[in-house]
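Novice: my questions concern the predicted model and sequence given below.
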Amino acid sequence: MFFGENNLLSLMMIAPVVGSLIIMFIRHKDAEIENRNVRSVALFTTVITFFMGLDLWAGFDNATAEFQFVEKFSWFGDDINYYLGVDGISVLFVLLTVFLMPIVILASWESIGKRVKEYMIAFLVLEALMIGVFTALDIFLFYVFFEGGLIPMYLLIGVWGGMNRIYASFKFFLYTLLGSVLMLVAVLYMYLEAGTTDIPLLMMYDFDVDVQSWLWLAFFASFAVKMPMWPVHTWLPDAHVQAPTGGSVILAGVLLKMGGYGFLRFSLPMLPDATVEFSWLIFTLSIIAIIYTSLVALVQEDIKKLIAYSSVAHMGFVTIGIFLLNTNGLEGAIFTMLSHGVVSGALFLCVGVIYDRLHTREISRYGGLAINMKVYAAVFVLFSLASVGLPGTSGFIGEFLVLNGSFAYSSWITFLAATGVILGAAYMLYLVRRLIFGDLTKDDVKAMPDLSIREKLIFAPLVAVVLWMGIYPNSFLEPIHTSVKALLETHYPAETTQAAASDTSPVAVSSEGAYR
Amino acid sequence: MNGEIPALLPALPEIILAIGAMILLMVGVFRGNESFNQVTNLSVLLLVICAVVMVTEVGGERQVTFNNMFVTDAFAVFAKVLVYIGSAVALLISGKFLTEHKIDKFEFPILVLFATLGMLIMVSANNLMSVYVGLELQSLSLYVLAAMNRGRLRSTEAGLKYFVLGALSSGMLLYGISLIYGFSGTTEFDVLATSLSGEGTPDIGIIIGLVFLLSGLAFKVSAVPFHMWTPDVYEGSPTPVTAFFAAAPKVAAMALLVRAMINGFPGLIDEWQQIIIFISIASMLVGAFVALVQTNIKRLMAYSSIGHVGYALVGLAAGTQAGIEALLIYLAIYLTMTLGAFAAILSMRRSDGMVETIDDLAGLSETNLPMAVAISIFMFSLAGIPLLAGFFGKWFIFLAAVEAGLVPLAIIGFLSSVVACYYYLRIIKVMFFDEPADAFEGGHGRSVSIVIGTAAVLNSPVSFLLISSLAGAAAWAANSLLFQ
């Protein structure tokens, strides 16, 4: 039994919008009080939305691959509907979004001092749009949310960003837009060809094999930029470095996942022939991304840049996993995305903590934090290790599943991707050594206080989730499993049977505990 | 036919407008310039009355009168509603500006009324002769309007430039019409359509005539390569006049172009389609690239309007009913964006007068947030970013293009829209990211604020609720154009 069965998804989108409208009308002659009220309303709204998300998770039926919580209203024209719903692939992304939002608001509590009102409004609108992306079941609606998110993010980077924020915001906007307009052409074509914008129906539509390649490439242009994949990843380090902490967290935590989600929702089910045909391209680019960006990350002087490059590398694992077209690969990819959303978000928050104290992101300005910021050091090390993929943390499960899936496909991919894991350990541990360990020599670093209550409150849920995902991943794999299995069985019968024949590994992650 | 009075009902709004404009002219002549405000308000009222008469009395049935010179149908009603809105809003926002610049002559509203009358005739023209009459009535009024501020060099320059180039284009148009008449023996659209629908290649004279006709019309909609006058005229004319130029005449000329091609030359679609595709691509590219380096916001809007004409022409290039429907939707949305944007430009004033460079907007979000938000809505909407109304226009236009098999055209259009996005983003950057310049003074008048507010709301996500009815109305209008 749960609340709001019929309109839960809409309510989750409306709540942040209502919150931002309320914030718009908050006025007080004392700016301090006004800002405090604005922050409180934003926090309250996101927490409410988070509880709705929990409600969604509780009400979600793991046993079916059908879309749930469906809402459908005719919008305009004959075919275009307001159509929402979630399945196993999308439900956890919604959850990730609503989970990160209150944390982001809390993290911006003190670091954002100017134009608090607009900042909070932009974030709440962004939240509604992100939920929209993951729940839209009409391709037009999806596109509206997908692109619409650019506007608040552009403003967030541009208004509250760092020194070079204008360059970064333009690069972010135009790069993403360029990729997306090609996708829009494909969307138009698919609509006219299939006569519907209904995503479940499009999934069942059989597109001509020759056309599929073009459509696939158009979608690829959009999702590869969003993901981001090498060589179109260059907007990400800039955007990350310049964005305010909250913006970085959402960018790494949720916006990057839209690319992977797009592949899963569109490329795989709608264009299966082209997906098989082009998987070599994805594997090549992903392996380059993993190795190259890991090497680049090794030599970064800027903490945020280092984490940004590590994000690109992790996304390489995700794309490999998606295009392996077997259960382990896909589940691993989704799990890696969720884990990366939490872990990289947490790492950016960690950077934000020390940035608020010293106002620099240069690694060499720090050192020896383990001596005067003990709690912080412990938290930072934990998230670094989760990023590396230490067993017992969330990062391990995803990477292991992907590597396991890739072994069934080609041991070369596994070999090369595993190199990335080693390099990942290298750059993260190197970062930890320079930042956390060593002698505490610098005076300004010595003066830095440890985590405040508010900061501890931010990190506590993140630590808990990272460990939960690492120790008992089944809570998160179970909702995914049925949908992934259905996707593969419906659209890739050949690959599925082949994999079943060769795959005898006893990795029991499904609730049934075995593979067919 | 001789001596018989033709049916007047189909042209009733135009007749009321013509008589009303002349009465108002008399009022102005006898009462002098102090009647400016009165005449302006009465003109707006007159436009509203005409629009109401048109919708209630004439309706969307296809009716012809004056020996088939004049036609009214759903398409005409749709386009005319836009024309009425464009003219009335331009009048509403101009009063305060003109008074302050001491050019509050009563001729201004009268000229707008006559220009509007010309546009209405253009929209309803069913014969190349009435096309020309309507076009000239509109153009002559516009030439004078451009030079309204005759004490200022740039305004007179704009007026003169517009007149010389406009006369040239009228000449080309007339030459084209005479060729078409010479080779087909008729100037009436319906007869032309039937006589040209036969098999085999059409006469070369007709095709040359068609090219000239299209050149003349391309000038009126300011499509590349006949766009050169646009930036200068936009920049030189008084801002309310520019706002008027950007909205209603574009709609009328575009409607005329559509009716001439679809009703007059349906058999020659292969011939005119390539021309339209060319000018549409050229307009989109010029509009996107040249605007990148502009610093004056009115010039920027001029290039932006060239680009938007390119997008709208994509709908005509498709040559299908869906294409016309998309074009109408696009025009309607464009009208709201552009009127809103110009109303916002009108409010850019400091104590030492109007300013119109982009840098003057610096930090507007800190000095006047609602205005900054409204301008951002217009800019994002012009850029065609989803969430705002402009995206629906692009969606329908390119949907029609892809449906008609013009996928490369759609791809070029989208890519140029990414380029164009840069300069719209630049305006938003200046307003939101830069350090504030001096604040603007208020006092641009309540009607300007109302127009900005209304247009911003219409372009905001509120458009999600309205798009369904707009698409319905456009489909109704496009359906009434006869498709052979």
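Specialist: That came through fine.
Novice: how about the residues of chain B by chain A?
Specialist: B:365-366, B:369, B:380, B:385-387, B:391, B:395, B:398-399, B:402-403, B:407, B:410-411, B:414-415, B:417-418, B:421-422, B:425, B:428-429, B:432-433, B:464, B:467-468, B:471 (Cβ under 8 Å from any Cβ of the partner chain). (Each C-beta comes from the backbone N, C-alpha and C, glycine too.)
Novice: quick check on B:N296: phi, psi?
Specialist: phi -90, psi 130 (degrees, to the nearest 10).
Novice: nope, A:F76 is what I was after
Specialist: phi -150, psi 170.
Novice: thought B:I467 was touching it, still the case?
Specialist: Yes - proximity of A:F76 to B:I467 meets the contact threshold set by Cβ atoms under 8 Å, at 4.9 Å.
Novice: does the residue minimising distance to the centre of chain B sit in a helix or strand, and which one?
Specialist: By Cα atoms, centre = their mean, the mean C-alpha position of chain B lies nearest to B:K250, the distance being 1.9 Å. Per DSSP states H and E: B:K250 is located in helix B:239-259.
Novice: also B:I5?
Specialist: Using DSSP H and E, no helix or strand contains B:I5.
Novice: burial count for it?
Specialist: The burial count assigned to B:I5 is 5, neighbours taken as other Cβ atoms under 10 Å in any protein chain shown.
Novice: wait, what's in contact with it?
Specialist: Neighbouring residues of B:I5 by Cβ atoms under 8 Å, 6 or more residues apart in numbering or on different chains: there are none.
Novice: what does it show for phi and psi?
Specialist: phi -80, psi 120.
Novice: now do it, the pLDDT please.
Specialist: The model reports B:I5 with a pLDDT of 79.
Novice: likewise for B:G171?
Specialist: Residue-level pLDDT assigned to B:G171 equals 93.
Novice: A:Y175 touches A:W235, doesn't it?
Specialist: Yes - look at A:Y175 against A:W235 with Cβ under 8 Å: they come within range, at 4.3 Å.
Novice: so what strands line up beside the helix or strand bottoming out on mean pLDDT in chain B?
Specialist: Least confident helix or strand of chain B, by mean pLDDT, DSSP states H and E, is strand B:353-354 with a mean of 72. Taking DSSP bridges as the criterion, strand B:353-354 sits next to strand B:349-350 (antiparallel) in its sheet.
Novice: not counting the partner strand itself, show me its contacts.
Specialist: B:V355, B:D360, B:D438, B:F440, B:E441, B:G443, B:H444.
Novice: determine how far that strand lies from the middle of the whole chain.
Specialist: Centre-to-centre, strand B:349-350 and its host chain are 28 Å apart (Cα atoms, centre = their mean, to the nearest Å).
Novice: shaky segments in the stretch 51-200 of chain B?
Specialist: B:198-200 (pLDDT under 70).
Novice: should've said the stretch 151-300 of chain A
Specialist: Answering for the stretch 151-300 of chain A: no residues sit below the bar, that is pLDDT under 70.
Novice: which bits of it sit near chain B?
Specialist: So the stretch 151-300 of chain A meets chain B at A:151, A:154-155, A:158-159, A:165-166, A:169-170, A:173-174, A:177-178, A:181-182, A:184-185, A:188-189, A:191-192 (Cβ under 8 Å from any Cβ).
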